[in-house]
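J.: Can you look at this prediction? I've put the sequence above it.
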Amino acid sequence: MLKGTKLYSSLYSKCPVCHKDDLYVNKNSYVPQTILKMHDRCNNCNTKYAIEPSFFYGAMYVSYTLGVALGVALFVISYFFLELDFLPTFFIISGGIILLLPLIMRLSRNIWLNIFFKFDKTYLQND
């Protein structure tokens with residue numbers, strides 16, 4: 001249903017051009033040695049992911065935005081809905097961001113890639 005959209009490529013870590021090949025060597029985000037280890041090119045459409053040296057430094061801005069959004073969401077949930085004090089709220093925010101950090105790191109790279117690459121509809125017809 002989502003195939004062919006930037007959301008599909010970002011959420012499922014697929015090539016932003018063909019949506020067929022995985023971006024990362026290891027699908028598990030919680031293996032510390034391979035959190036950011038990506039394939040250089042797509043095996044299906046041969047798209048080169050890092051279009052210039054230090055390309056993924058821009059993903060830091062996306063990561064910062066995702067981290068702040070997660071922190072604000074956790075604050076609102078724990079402080080206003082669960083009515084916890086500041087210290088437990090602080091620990092929930094810190095713990096949530098630390099636990100989800102590998103996912104945030106990968107998602108920010110996926111979003112950054114999808115800003116610069118466009119899906120090629122000819123690959124959708126070949127399914």
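T.: Cool, the structure landed. Numbers count the residues shown, from 1 in each chain.

J.: Can you list phi and psi of residue 22 for me?
T.: Backbone geometry at residue 22, expressed as degrees, to the nearest 10, gives phi -70, psi 140.

J.: ok, now residue 14?
T.: When read as degrees, to the nearest 10, the backbone of residue 14 gives phi -110, psi 160.

J.: ok, now how distant is it from residue 92?
T.: 32 Å (Cβ to Cβ, to the nearest Å). In short, each C-beta sits where N, CA and C put it, glycine included.

J.: Same question for residue 54.
T.: Residue 54 sits 35 Å away from residue 92, going by Cβ to Cβ.

J.: Look at these two and report which has more neighbours.
T.: residue 92 (18 against 7; other Cβ atoms under 10 Å).

J.: That one and residue 74 touch, don't they?
T.: Yes - the pair residue 92 / residue 74 is scored as a contact, 5.6 Å apart, by Cβ atoms under 8 Å.

J.: Next, count neighbours for residue 25.
T.: Quick note: residue 25 (other Cβ under 10 Å) scores 12 neighbours.

J.: now the helices for this protein?
T.: 6-12, 59-75, 86-116, 122-125 (DSSP state H).

J.: Which elements pack onto the first one?
T.: For helix 6-12, the packing partners by 3 or more Cβ pairs under 8 Å, 6 or more residues apart in numbering; DSSP states H and E come out as helix 86-116.

J.: Just want the angle from the helix it packs on to helix 59-75.
T.: 140 degrees (axes from the mean of the first three to the mean of the last three Cα atoms, to 10 degrees).

J.: roughly how far is helix 86-116 from the heart of the chain?
T.: Put simply, helix 86-116 sits 9 Å off its chain's centre (Cα atoms, centre = their mean, to the nearest Å).

J.: List the buried residues for it?
T.: Neighbour counts over helix 86-116 (16 or more other Cβ atoms under 10 Å) mark 89, 92-93, 96-97, 100-102, 104-114 as buried.

J.: State the mean pLDDT of that helix.
T.: Helix 86-116 carries an average pLDDT of 96.

J.: What helices and strands are in contact with it?
T.: So helix 86-116, by 3+ Cβ pairs under 8 Å, 6+ apart, packs with helix 6-12, helix 59-75.
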